[in-house]
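Student: Structure, please.
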Amino acid sequence: MVSIVMPAFNSEKTIAESINSVIKQTYKEWELIVVDDGSIDTTVSIVTKYQETNKNIRCISNSNKKGVSGARNTGIMAAKGTYIAFLDSDDIWLEHHLQECIETLERFNYQICSTLWLENVYGNITKIGESGWFDYIFNDMQNKLGINRNEKYWKFDKRLFQYIVESEFYCFHINTVVVKKSLIKKVGGFNEKMQASEDLDVMYKMLQYENLVTINDYHFIYNYGQNNIYAFCNRGESLEKELNDRRMLEKLALNVKGKIQLNTRMKALVKKSDVINNKEELINLLNKKIYERSMTYVWLNKKYHIWTSIWMFIKTMRFLKFKSREERYFHSDYRKKHLHLD
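Tutor: So this is what the prediction gives:
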């Protein structure tokens with residue numbers, strides 16, 4: 001059985017469509033665990049109505065708001081299935097998702113599987129494999145990792161994590177991942193101190209123990225929206241409006257903080273790795289990334305949270321040695337063109 005963990009917070013406008021995409025799965029051995037994280041709208045009552053006609057749906061409410069990481073951990077602890085899958089309460093699976101993932105895991109004896117996905121950017125739906133950066137990185141992957149991007153299955157080996165550090169490559173979204181429950185519990189689940197990039201963090205931890213197989217097919221629609229933690233704006237466009245809006249600045253800062261935490265945790269994984277030889281080089285690379293994102297965090301906070309900005313500016317000075325003289329943009333007017341908002 002697959003236990004599907006769906007964190008929800010004030011999701012009354014979207015959760016019905018997400019639940020329907022689970023019910024429509026061709027694979028029927030599943031349970032859906034909706035973890036309500038303190039909603040004050042009608043989210044719980046909507047889930048309750050589904051429970052009346054589907055015994056495979058459960059609803060758990062956190063006693064206090066824990067955020068997306070804490071909500072997912074609550075669902076993992078309550079899961080009865082051999083496998084865990086994730087779906088957010090504002091996104092949609094295509095009906096073949098679970099069927100293909102379970103067949104792939106069983107066929108190749110892997111413990112973790114992912115797929116490709118589509119992005120719905122306010123009505124404009126694109127396949128990630130056909131967009132600029134992903135198209136380039138998937139081609140590069142072939143040379144560096146021995147993967148044929150035209151094949152149905154991409155079976156990675158232990159080189160994947162090092163390649164991720166070097167290139168920021170990824171071919172997975174947490175809502176396409178199906179994983180053995182024993183593996184995700186082995187790594188301690190999601191880091192509840194992280195409010196963003198927690199999904200990449202848990203993936204990188206699992207890759208230290210098991211290899212990934214990716215299905216070269218589209219299984220999931222990722223919806224951009226104002227309530228989304230990451231996809232609340234299109235970073236491929238000009239962000240002039242967002243950079244002058246306090247709420248948007250704070251959300252961008254939250255995401256940048258998540259990347260700082262992620263790169264810091266990746267350094268620890270590099271240091272512990274038994275398969276990486278050029279550790280010093282990779283750690284220096286991660287320090288450069290921490291510096292760039294820390295200075296972005298300084299800039300994003302300087303207008304509305306000046307003391308947070310000053311505190312981060314002071315902390316960041318220790319990373320200057322990893323940047324060339326030409327790259328040191330540590331003056332108080334850190335320019336927009338140097339922001340790292342990925």
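Student: any idea how far residue 107 is from residue 28?
Tutor: 19 Å (C-beta to C-beta, to the nearest Å). From N, CA and C alone the C-beta is placed, and that goes for glycine too.
Student: Residue 267 too?
Tutor: Counting by C-beta to C-beta, the separation of residue 267 from residue 107 is 35 Å.
Student: where do the strands sit along the stretch 1-150 of the chain?
Tutor: 2-8, 30-36, 57-61, 83-86, 92-93, 112-121, 124-127 (DSSP state E, counting those that start in this stretch).
Student: So which of those strands is nearest residue 227?
Tutor: strand 2-8 (11.0 Å; C-beta to C-beta).
Student: still on that earlier bit, for residue 267 and residue 107, indicate the residue with more neighbours.
Tutor: Higher neighbour count among residue 267 and residue 107: residue 267, with 20 against 10, using other C-beta atoms under 10 Å.
Student: Contacts only, for the more buried one.
Tutor: Shown in contact with residue 267 (C-beta atoms under 8 Å, 6 or more residues apart in numbering): 283, 286, 287.
Student: Just give me the neighbour total for residue 42.
Tutor: 15.
Student: Excluding chain neighbours, what is closest to it?
Tutor: Leaving aside its sequence neighbours, residue 42 sits nearest to residue 12 (C-beta to C-beta, 6 or more residues apart in numbering; 4.6 Å).
Student: give the contact list for the one you found.
Tutor: 39, 41, 42, 43, 46 are the contacts of residue 12 under C-beta under 8 Å, 6+ apart.
Student: What separation is there between the second one and residue 15?
Tutor: Here the distance between residue 41 and residue 15 works out to 10 Å (C-beta to C-beta).
Student: The last one too?
Tutor: Distance, residue 46 to residue 15, using C-beta to C-beta: 6 Å.
Student: Neighbour count: those two, which is higher?
Tutor: More crowded of residue 46 and residue 15, by other C-beta under 10 Å: residue 15, with 25 against 20.
Student: How confident was the prediction at the closest residue in space to the more buried one that isn't next to it in sequence?
Tutor: Once flanking residues are discounted, residue 15 sits nearest to residue 89: 4.4 Å by C-beta to C-beta, 6+ apart. Note on residue 89: pLDDT of 95.
Student: thinking residue 89 is in contact with residue 34, fair?
Tutor: Yes - the pair residue 89 and residue 34 qualifies as a contact (C-beta atoms under 8 Å) at a distance of 7.4 Å.
Student: can you list residues touching both of those two?
Tutor: Common neighbours of residue 89 and residue 34 (criterion: C-beta under 8 Å, 6+ apart): 6, 8, 15.
Student: What residues does the first one make contact with?
Tutor: When contacts are counted by C-beta under 8 Å, 6+ apart, residue 6 touches 15, 18-19, 22, 32-35, 75, 86-89.
Student: Quickly list what it is bridged to.
Tutor: Beta-bridge pairing of residue 6 under DSSP bridges involves residue 34.
Student: State the distance from it to residue 22.
Tutor: 8 Å.
Student: any residues in contact with both of the two?
Tutor: 32, 87.
Student: Report the secondary structure state of residue 183.
Tutor: Under DSSP: H, G, I helix; E, B strand; the rest coil, residue 183 falls in the helix class.
Student: mind checking the SS state of the spatially most central residue of the chain?
Tutor: In the chain, the centroid-proximal residue (C-alpha atoms, centre = their mean) is residue 199; its distance is 3.7 Å. Secondary structure, three-state DSSP: residue 199 is helix.
Student: what does the one 5 residues further on give?
Tutor: Classification of residue 204 into helix, strand or coil gives helix, according to three-state DSSP.
Student: So it versus residue 288, what's the distance?
Tutor: Note on residue 204: its distance to residue 288, by C-beta to C-beta, is 18 Å.
Student: Looking at these two, which has the bigger crowd around it?
Tutor: For residue 204 versus residue 288, neighbours defined as other C-beta under 10 Å are more numerous around residue 204 (20 against 16).
Student: just the helices in this protein please.
Tutor: Listed in chain order, the helices of the chain (DSSP state H) span 15-23, 43-51, 67-78, 97-108, 132-145, 159-167, 181-186, 198-206, 246-272, 279-301, 306-316.
Student: Done for today, thanks.
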